[in-house]
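K.L.:
Pasting a predicted model and its sequence here:
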Amino acid sequence: ATYTIVDGGKRVEKKSLLLASGFWGVARHFHYFFELTAAWSWCLLANPLVNGVLPLSYAIFLTILLFDRAKRDEGKCLKKYGKDYQKYAEMVKYLIIPGVY
């Protein structure tokens, strides 16, 4: 994918790879899935049925944060890479959770 930056007052065209294989071929922000899995595992180990909802606050916060961040990143990447990113999004359909979102 190509994009343009301004370096020292000059417009410079650069090239970058948009990964569509491995983890990034499954979901565009698949690494967030592992972060969320770890957060929910830690919080559920604190036994919220006994200790109340407070132990879940970290996992809930991180879930909201990462889902929002994934959406914001989509907008930034679309603006930066344009049509190349649209093609990439068509190839890699999911944002975070394969088959779901």
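P.N.:
That came through, no problem. Residues are numbered from 1 along each chain as shown.

K.L.:
which sections of this protein are below the confidence cut-off?
P.N.:
The chain contains no residues with pLDDT under 70.

K.L.:
so who does the residue most central in space within the chain touch?
P.N.:
The structure's the chain has its C-alpha centroid closest to H29; by Cα atoms, centre = their mean the separation is 3.1 Å. Contacts here follow Cβ atoms under 8 Å, 6 or more residues apart in numbering; on that basis H29 touches 66, 70, 73, 95-96. C-beta coordinates here come from the backbone N, C-alpha and C atoms, glycine included.

K.L.:
E35 touches A59, doesn't it?
P.N.:
No. With contact defined as Cβ atoms under 8 Å, E35 does not count as touching A59 (10.2 Å).

K.L.:
what separates the residue nearest to the centre of the chain from Y101, distance-wise?
P.N.:
Distance from H29 to Y101, counting by Cβ to Cβ, to the nearest Å: 10 Å.

K.L.:
Quick check: neighbours shared by these two?
P.N.:
Common neighbours of H29 and Y101 (Cβ under 8 Å, 6+ apart) are L95.

K.L.:
that's a helix at I60, yeah?
P.N.:
Yes. Judged by DSSP: H, G, I helix; E, B strand; the rest coil, I60 forms part of a helix.

K.L.:
For this structure, which segments count as strands?
P.N.:
All strands of the chain, identified by DSSP state E, fall at 2-7, 10-15.
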